[in-house]
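Colleague: show me the folded form of this:
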Amino acid sequence: MITTELLLVRHGQAHCNAAGIVGGPRTCTGLTDHGRHQMTLVAERLAADYPGIPRITTVYTGPRQRLRESAEILAHSLNAPIAVEPSLDGPRHGEADGQPWQEITASFRGNPQTHPDRPWASGSDTWNDYLRRATGDLAELLSRVAGQRIVVAAHGETVIAAHALLLGLSAGNRVRFTVERASLTRWQHRRDRFGHDSWWLDRHNDTTHLHATTPADDIR
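Modeller: Numbering: from 1, shown residues only. A predicted model of the protein is given here:
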């Protein structure tokens with residue numbers, strides 16, 4: 001029996017993604033037209049997948065503009081309320097906010113996960129600091145929504161944090177996950193007939209609703 005369902009949808013293409021810049025809270029300007037189309041496709045899929053009871057109770061998201069715009073498209077199709085959670089806003093980029101990702105990764109000699117105990121810019125998180133904060137916040141959210149089916153309009157990093165939490169991955173692990181824009185990841189909390197509880201990863205990075213029109217991309 002499924003007791004709780006967590007549906008994670010990465011946001012659609014944002015202007016910062018198209019420009020190749022770090023889209024922190026200061027410089028994120030929302031979704032491109034293509035990103036809105038991507039989110040419409042995943043919203044239509046979810047509306048078709050979950051037409052009845054139990055319904056999707058809430059669309060959760062962070063305050064960053066590309067997340068809020070993605071959540072609005074999902075909530076409209078699902079006829080569900082939006083809850084903005086500051087803890088879902090993703091990594092803190094510090095002075096990297098608005099800078100080209102290519103320059104940041106060249107200076108850092110990799111992406112944030114490459115050197116997980118070093119900040120990738122002045123004032124930024126380290127990857128492990130972000131992961132510890134994000135997994136704690138997700139655990140608290142899941143405790144609040146036990147028994148519900150929820151959607152999270154998320155950063156790719158939030159999807160990775162959910163996997164770290166529910167798979168029990170330690171900080172500094174070398175596991176990597178592909179998380180494409182507008183992809184769907186589904187975790188289900190199940191209870192068997194003996195009363196044993198466990199989390200099941202039902203699907204990860206599912207983009208079938210995009211009809212293979214969107215190229216693979218990284219987590220930024």
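
Colleague: contacting residues for Tyr89?
Modeller: To be clear, residue 89 is Asp; Tyr isn't right here. Pro25, Gly62, Pro63, Arg64, Leu67 (Cβ atoms under 8 Å, 6 or more residues apart in numbering). No exception for glycine: its C-beta is placed from N, CA and C like everyone else's.

Colleague: let's see 7 Å
Modeller: Asp89 is in contact with Pro25, Gly62, Pro63, Arg64, counting by Cβ atoms under 7 Å, 6 or more residues apart in numbering.

Colleague: leaving out the residues flanking it, which one is nearest to the last one?
Modeller: The reference is to Arg64. Computed as Cβ to Cβ, 6 or more residues apart in numbering, the closest residue to Arg64 that is not its neighbour in sequence is Cys28, at 5.0 Å.

Colleague: again, but for the first one
Modeller: Take Pro25 and drop its neighbours on the chain: the residue closest to it by Cβ to Cβ, 6+ apart is Arg64, 5.8 Å away.

Colleague: what is the residue nearest in space to the middle of the chain paired to in the beta sheet?
Modeller: Compute the mean C-alpha point of the chain, and by Cα atoms, centre = their mean the closest residue is Ala154, 2.8 Å away. With DSSP bridges as the criterion, Ala154 is bridged to Arg10.

Colleague: widest-spaced pair of the contacts of Asp89?
Modeller: Largest separation among the contacts of Asp89 by Cβ to Cβ: Pro25 and Gly62, giving 9.2 Å.

Colleague: and those two? Which one has more around it.
Modeller: The neighbour count for Pro25 versus Gly62, taken as other Cβ atoms under 10 Å, is higher for Gly62 (23 against 14).

Colleague: quick check: that one touching Ile82?
Modeller: No. At 11.1 Å, Gly62 does not count as touching Ile82 under the criterion of Cβ atoms under 7 Å.

Colleague: what does stretch 174-184 rub up against?
Modeller: Counting by Cβ under 7 Å, 6+ apart, 7, 9-13, 35, 38-39, 41-42, 113, 156, 159-160, 163, 169, 203, 205-207, 210, 214, 216-217, 219 sit against stretch 174-184.

Colleague: list the ones among those that fall in strands.
Modeller: Under the assignment DSSP state E, those contribute Leu7, Val9, Arg10, Arg203, Asn205, Asp206 to strands.

Colleague: would you list every one of the helices in the protein?
Modeller: 15-19, 33-49, 65-78, 101-108, 127-144, 156-167 (DSSP state H).

Colleague: against the centre of this structure, work out the most remote residue.
Modeller: Phe194 (32.7 Å).

Colleague: on that earlier part again, is it possible to mark the buried ones in the ones in strands among the contacts of stretch 174-184?
Modeller: Leu7, Val9, Arg10, Asn205, Asp206 (16 or more other Cβ atoms under 10 Å).

Colleague: and the residues you listed, which is closest to Arg149?
Modeller: For these, the nearest to Arg149 is Leu7 (7.2 Å; Cβ to Cβ).

Colleague: okay, the nearest residue to Pro116 once chain neighbours are set aside and Asp202: tell me how far apart.
Modeller: With Cβ to Cβ, 6+ apart as the criterion, Pro116 has its nearest non-adjacent residue at 4.0 Å, and that residue is Trp127. Trp127 sits 26 Å away from Asp202, going by Cβ to Cβ, to the nearest Å.
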